[in-house]
Every structure is written in structure tokens, then in C-alpha cells.
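Colleague: I would like the atomic coordinates for the input below:
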Amino acid sequence: MVDAIVVGARPAGTATAIALARAGRKVVALDRGHFPSDTLSTHLLFAGGVAELQRLGALDRVEALGAPPLPEAYMGGAGYAVRGRYTPVDGIAHGLCVRRTGLDDALVQTAREADVEVRERSRVTGLLGDNGRVTGVVYEDGDGRERALRAPLVVGADGRRSTVARLVGAEQPYRSNINGRACFYAYVEDGRPEWRTIAAQWREGAELGTAFPCDGGLLLVLLMPPRARADEFRGRLEEEWDRTAASIPGLAERLAGCRRISKVRSAIDTSSYFRRSSGPGWALPGDAGHFKDPVTAQGIRDALRYGRLLGEAAAPVLDDREALDAALLGWERRRERECLEIYAWTNALGAGEEMTPIERELYRTAAESDPTLGSTMLDVFSRVRTPSQALPLRRAAPIAARAFFHLPPGNQVTRGDVTRAAAREARRAAADRLVRMRARTLPLPSPSGAMITTCPPPASPSASPLPLSSVRAS
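Modeller: All right, here's what the predicted structure looks like:
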């Protein structure tokens, strides 16, 4: 019997466990893998994400891995170059791109330092329950033995294919968006020292490519072509990756003197969603409960932040079931309220389409007449401002109006198209505001189809592990 069980010991899980342990709670984190180990992920952190590492006490360990600070961002598109710097977050004014092998291991070490018991190679196979309330887990340890563990709170921080989400009946999202871009990334030896402090993105037609300096003298290069082109990569992954990178002029120039040293990794389905993320005795931080297309690089920051906030909300009330359930629901509503607008904005950027006339005008304005606009938009990525705060009507309307007069010669886009695009953006912004308002008051959907095994309590408080003759793994 412990105070909390965390399933998954990567960013969301370690953040939750650290917050609980620092509040004096006994926490066990179970992970089917071992550390250090890699996982499929791009891994850029903007300043807001780096600040979360600092709040958890993990930043010194992460910085020791040698990733260069990235105080500047660069965005190229429509023939314009936009640069921006960060508004400091808790004194942090730079981003970091740290490979997951080192990043996750640093978080696990930080959790162990906080007295979290991390059990590696432990695979959860079922949940224990009492009248629909989750009260523990059944898992296989590294030696293949079946064990059980009980706690007032089970946290499913086990990713997009979450076992916990499936077992509590929350696997199906209640809000989702099919992604418009596929992801193909690789590491190259970075031969361009003058770019080592800059996180960069380029758009060319419907193509999007990024280059983020990371630890080990490497560069993470992510290509996000329209999802419809995914078949072109099948069977010739490296060749098509090289060809696509070369087709984006700014990225091709950035990669001059660089050599790809890794295989190309891919993710085709990166659909965004919200799942019901709390219930009697359980919660789902990180990708288990909410996921955004990686085009805006928000996943690790949100995993760290809302994992930490979950631990802080639950720690004081673990001994009071009613108060715990209310705290978990409050945490879930807060995450939804704070993430809805960035979720909609991310879905728009991940549509896999060419830049709209308004987007081109935004780039032109930032490059030619409003140098503060680049930093303002970087604040959106860093979560210092929401998209609507960065581009309120008084700032967005003139940009939309100027888009009428800066259409390139021969462009088939008409001014009527611009007007319709502006109207769509206005309607979307109004809808986002309405959804955020409703999220404050409407009940969240209940999970269905929960698969929780009812098991009698142990004969005595010292009975550990539980006898498993009456436990059926779900």
C-alpha cells in the first residue's frame, strides 16, 4: 500500500511523482522500459518548457547533457525571414532541444532524488477497484512475476496508447482533430556553428521543415509534409527524406556542411485529442489524456506542467476520497481551459496546406515593419500569451486588410479568398472563445466500458504484495 501509483516514468509521470513525493507522499512509478532509453519523439522545449524543468529541480541535470541554449527563433516563409527572442519565464529566456534518452533519464534521477521509487521493466496489466473506484494496479515485474500494488490514486502517464486510459474506459476522445501533416525526423552532424543558438522553421509551399540544435553536436531535423504524401516515403524513407529536405531552400542551405547520421523515424497518425482525464481514484496527464500535433512542439512542456500541477493538487487530499475526486476534476478542467486555444491554433498550423494570404502578410509585416511581432508570436509558442492575446483584433485587422494589397502578381488567390479566410479566422476565434467559456461549467463526459477488477483488501496492512489468486488481470 502506497499513497500514489504512477504508470509511466517519462515527463508527465516523473513530474507528477516528483510533486507528490516532495509533498511527503510515498510514490511508486512503474515503467515498462528501462533508463536511459529513447522513445519516438521530437523534443524541442521553448522557454516555458525549460522553466518547467527548473520548477521540478531537473534543469541542472538536463543542461549538463550539453544541449546549447537557444535564445533565438527563426521562421522563414513566403520569401521573408522572421526572428524573435523570448520574454523570460521565471528568468529563463532560451529554449533547449535535448534528446529523450538523456532528458528522460535526468527526470528519473530527479524523481529518485525526491524519494520516488521507480520500478523499471514493470508492465501494468490490470487495475484493482472497489465499486467502480480504482484502488491499485496489477503488473508484471522484470522477472515476469505478477504483482499487485494499492493506492488511493493511480496516475496513467503512459502515453497516447495508454493502458490505464483503456482500462478505465477513457480511450476514445471526446474532442479530436485528424492531423494534416506526417512527421519524419532524423539527426545530422551539425556543421554550422553560426546556427547553433537558433531554433529554425521554414515553410515552402505545403512543405514544412525545422532544424533544432541539440546535445552531442547534433541537429534534429523534422520534416512535416502533407499527410497525403506519406505513401511517397514508404519503402524509400531515407531517399525521400533527403529529397524533401533539399526541396525547402532555406532548410537546404542550413544543412550545407551537415551529414545525416541516424535512420529516419516517422509518425503518420498524430491526430490531436482530449480524453476524459479524471475519475474516482485515477487521472491521465501527458499524452494519455491530451495530445496536440507536434507542429507547435507543446507536448513535453504540457506533460511537465500539468503533471506537476496534478501532483500538487492531489497531494494534500489523498486521504479524502471526495476531496481527491474534486481536486482531480478541477485539475482536468484547468488543463482543458488553458490548452483549448493553443489546441485550435495547433490544428490550424498542422493542416498541411500552403500559407494563406494572411499568414504571408503576417510574415511580411514582422520582417519589414514590425520587428516586435516575431517575439510576440514566439511568446505564443512559449505559452506566455495566447494566440488571441498576441494578435488581438486591433493588430490582426490591419494585417488582414494589407493582405488585399500584397498578393503576388499572377497569384490565383483573389481578394474574395482573403476576405473569406479572414471571416473563417474570425468565426474560429469566436468559436474557441465560446468553447473555453463552456469548458468552465459543462460536465465532462463520463468514461464507459471500464475494466476494473474488484479485489478484496489485504488481510493486514503489512500484506505486500497482495495475494493474486482472486485477481483477474483485465
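
Colleague: rest of the way, CA atoms for contacts and neighbours
Modeller: Fine.

Colleague: break down the stretch 151-300 of the chain into its strands, ranges please.
Modeller: In the stretch 151-300 of the chain, strands defined by DSSP state E, counting those that start in this stretch lie at 153-156, 175-177, 183-189, 198-204, 207-213, 218-223, 259-260, 265-267, 272-274, 278-279, 282-283, 290-291, listed in chain order.

Colleague: most tightly surrounded among those strands?
Modeller: The highest mean neighbour count among the strands of the stretch 151-300 of the chain belongs to strand 153-156 (a mean of 28), with neighbours defined as mean count of other C-alpha atoms under 10 Å.

Colleague: and that strand, what does it pack onto?
Modeller: Judged by 3 or more C-alpha pairs under 8 Å, 6 or more residues apart in numbering; DSSP states H and E, strand 153-156 is in contact with strand 4-7, strand 133-140, helix 163-167, strand 282-283.

Colleague: quick check: A344 vs V168, distance?
Modeller: 27 Å (C-alpha to C-alpha, to the nearest Å).

Colleague: go on, A366?
Modeller: Taking C-alpha to C-alpha, one finds A366 at 47 Å from V168.

Colleague: looking at these two, which is more packed in?
Modeller: Using other C-alpha atoms under 10 Å as the criterion, A366 and V168 rank with V168 on top: 27 against 22.

Colleague: I'd say the more buried one and L284 touch.
Modeller: No: assessed by C-alpha atoms under 8 Å, V168 is found out of contact with L284, at 10.3 Å.

Colleague: just for the stretch 351-474 of the chain, where's the confidence low?
Modeller: Low-confidence segments of the stretch 351-474 of the chain (pLDDT under 70): 393, 404-445, 448-450, 452-474.

Colleague: rewinding a little: distance to A23 for the strands of the stretch 151-300 of the chain - can I get that in JSON lines?
Modeller: Shown next, in JSON lines, are the strands of the stretch 151-300 of the chain (distance: least, C-alpha to C-alpha, whole Å):
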{"stretch": "strand 153-156", "distance to A23": "15"}
{"stretch": "strand 175-177", "distance to A23": "33"}
{"stretch": "strand 183-189", "distance to A23": "39"}
{"stretch": "strand 198-204", "distance to A23": "36"}
{"stretch": "strand 207-213", "distance to A23": "36"}
{"stretch": "strand 218-223", "distance to A23": "37"}
{"stretch": "strand 259-260", "distance to A23": "45"}
{"stretch": "strand 265-267", "distance to A23": "38"}
{"stretch": "strand 272-274", "distance to A23": "28"}
{"stretch": "strand 278-279", "distance to A23": "21"}
{"stretch": "strand 282-283", "distance to A23": "18"}
{"stretch": "strand 290-291", "distance to A23": "25"}
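
Colleague: run through the protein and note the low-pLDDT ranges.
Modeller: 393, 404-445, 448-450, 452-474.

Colleague: give me the most central residue, it.
Modeller: G299 (0.8 Å; C-alpha atoms, centre = their mean).

Colleague: and T110, how far from A314?
Modeller: 20 Å.

Colleague: then W331?
Modeller: Distance from W331 to A314, counting by C-alpha to C-alpha: 9 Å.

Colleague: do V138 as well
Modeller: Following C-alpha to C-alpha, the distance that separates V138 from A314 is 22 Å.

Colleague: go on, S278?
Modeller: Taking C-alpha to C-alpha, one finds S278 at 12 Å from A314.

Colleague: spit out the residues that contact those two alike.
Modeller: L328 (C-alpha atoms under 8 Å, 6 or more residues apart in numbering).

Colleague: residue ranges of each domain in this structure, please.
Modeller: 4-43+99-177+278-342+447-454, 183-267, 348-439 (automatic domain parsing).

Colleague: and the longest one, how far from the chain's centre?
Modeller: Read it as domain 4-43+99-177+278-342+447-454. Remark: domain 4-43+99-177+278-342+447-454 is offset 14 Å from the chain centroid, using C-alpha atoms, centre = their mean, to the nearest Å.

Colleague: over to stretch 382-393?
Modeller: Distance, centroid of stretch 382-393 to centroid of chain: 19 Å (C-alpha atoms, centre = their mean).

Colleague: could you dump it to CSV, C-alpha only?
Modeller: Below are the C-alpha coordinates for stretch 382-393, written out as CSV (Å, rounded to 0.1, in the frame of the first residue of the first chain):
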residue,chain,number,x,y,z
SER,A,382,6.4,29.6,-25.2
ARG,A,383,2.8,30.0,-23.7
VAL,A,384,3.4,33.5,-22.4
ARG,A,385,0.5,34.7,-24.5
THR,A,386,-2.5,33.0,-26.1
PRO,A,387,-2.9,33.4,-29.9
SER,A,388,-5.7,35.9,-29.3
GLN,A,389,-3.6,37.9,-27.0
ALA,A,390,-0.7,38.0,-29.5
LEU,A,391,-3.0,39.1,-32.4
PRO,A,392,-6.0,41.0,-30.9
LEU,A,393,-8.4,42.5,-33.4
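
Colleague: tell me the buried residues in it?
Modeller: Buried residues in stretch 382-393, defined by neighbour count with 16 or more other C-alpha atoms under 10 Å: S382, R383, V384, R385, T386, P387, S388, A390, L391.

Colleague: what residues of stretch 83-96 count as buried?
Modeller: Buried, per 16+ other C-alpha under 10 Å, within stretch 83-96: R83, G84, R85, Y86, T87, V89, I92, A93, H94, G95, L96.

Colleague: which of these fall in strands?
Modeller: Counting by DSSP state E, the part of those found in strands is R83, G84, R85, L96.

Colleague: need the max-distance pair from those residues.
Modeller: Taking C-alpha to C-alpha as the measure, those span a maximum distance of 16.9 Å, between R83 and L96.

Colleague: and L349, which of the strands of the stretch 151-300 of the chain is closest to it?
Modeller: Short answer: strand 207-213, nearest of those by C-alpha to C-alpha, at 10.2 Å.

Colleague: so what strands line up beside the closest one?
Modeller: Within its sheet, and counting by DSSP bridges, strand 207-213 is paired with strand 198-204 (antiparallel), strand 218-223 (antiparallel).

Colleague: mind putting those strands into a markdown table with distance to A148?
Modeller: Output for the strands paired with strand 207-213, formatted as a markdown table (distance: least, C-alpha to C-alpha, whole Å):
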| stretch | distance to A148 |
| --- | --- |
| strand 198-204 | 45 |
| strand 218-223 | 40 |
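
Colleague: mind checking those strands for the one nearest to S446?
Modeller: Using C-alpha to C-alpha, the strands paired with strand 207-213 put strand 218-223 closest to S446, at 37.0 Å.

Colleague: and that closest one, how far from the chain's centre?
Modeller: 18 Å.

Colleague: now do the SS call for D379.
Modeller: helix (DSSP: H, G, I helix; E, B strand; the rest coil).

Colleague: that one - how many residues pack around it?
Modeller: 25.
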